[in-house]
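Novice: sequence and computational prediction follow.
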Amino acid sequence: MFYANSDIKVKNMTYQLKLQNVIQYIPDAGQGNTGYKFYGITAQNQDTGAESNLHLNNARYVRHAVNYGGDEVEASRTFDCKFYNINKDTDRSKEIFHIEGLKLDGVVQYDSESHTFTAPVDENQQVAMPACYVNQFNAIMNDDLSLLG
C-alpha cells in the first residue's frame, strides 16, 4: 500500500479531484467552514461495470484541532482521501491507495445531472501522487478520474 505523504513531495501536482459516472454520492457534511465532513462516492465504468469508491474524511484533523487547540478552519479543509476498487462478485472493497492530509480549496460539488463529483484541491500544498496507482485506478475507471491539473 502507498501512503502519499511518506514519499517524495511534488509541488503543484494535484489541483482537483474529479470523478465521473457517479452512481452513489453520500455526503455527511454540516453547513459552514468547520466541523466533521465525510464524502463517499461510488463510480462505475460504463463499459465494464467495474465500480470504485472515493472516500474523503476530515475527522482525524478536526478531532486533533478541537482536542489540542488547533486551527479548526484549516483542519476542516484537510482530508484523508482513500480510493477503493469493489469486487462485484464478492461485494468487497480493496484499498488501492490513499493520500493523507489532502487540503481542499473550495466547495465540494456533485452535479446530479452529469453524475460528476468535483473537489478543488489547494494548489500550494505539496502532494506526492503515486502515478502507477493513479494510472491503474484511472484505467479501471475508463479515464473517468481526473487527479492532475
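Specialist: Yep, that arrived.
Novice: strands of this protein, start to end?
Specialist: Under the criterion DSSP state E, strands of the chain are mapped to 14-19, 22-29, 37-44, 51-57, 78-87, 92-103, 109-111, 116-120, 145-148.
Novice: what about the first one, distance to the chain center?
Specialist: The gap between the average C-alpha position of strand 14-19 and the chain average comes to 8 Å, counting by C-alpha atoms, centre = their mean, to the nearest Å.
Novice: what's the angle from it to strand 51-57?
Specialist: 130 degrees (axes from the mean of the first three to the mean of the last three C-alpha atoms, to 10 degrees).
Novice: partner strands of strand 14-19 and their direction?
Specialist: Paired with strand 14-19 in the same sheet, following DSSP bridges, are strand 116-120 (antiparallel), strand 145-148 (antiparallel).
Novice: cool, the third one as well?
Specialist: When sheet partners are counted by DSSP bridges, strand 37-44 sits next to strand 22-29 (antiparallel), strand 51-57 (antiparallel).
Novice: looking at these, which is buried most?
Specialist: Among the strands paired with strand 37-44, strand 51-57 has the highest mean neighbour count (mean count of other C-beta atoms under 10 Å), at a mean of 20. In short, each C-beta sits where N, CA and C put it, glycine included.
Novice: that's all I had, so thanks and see you.
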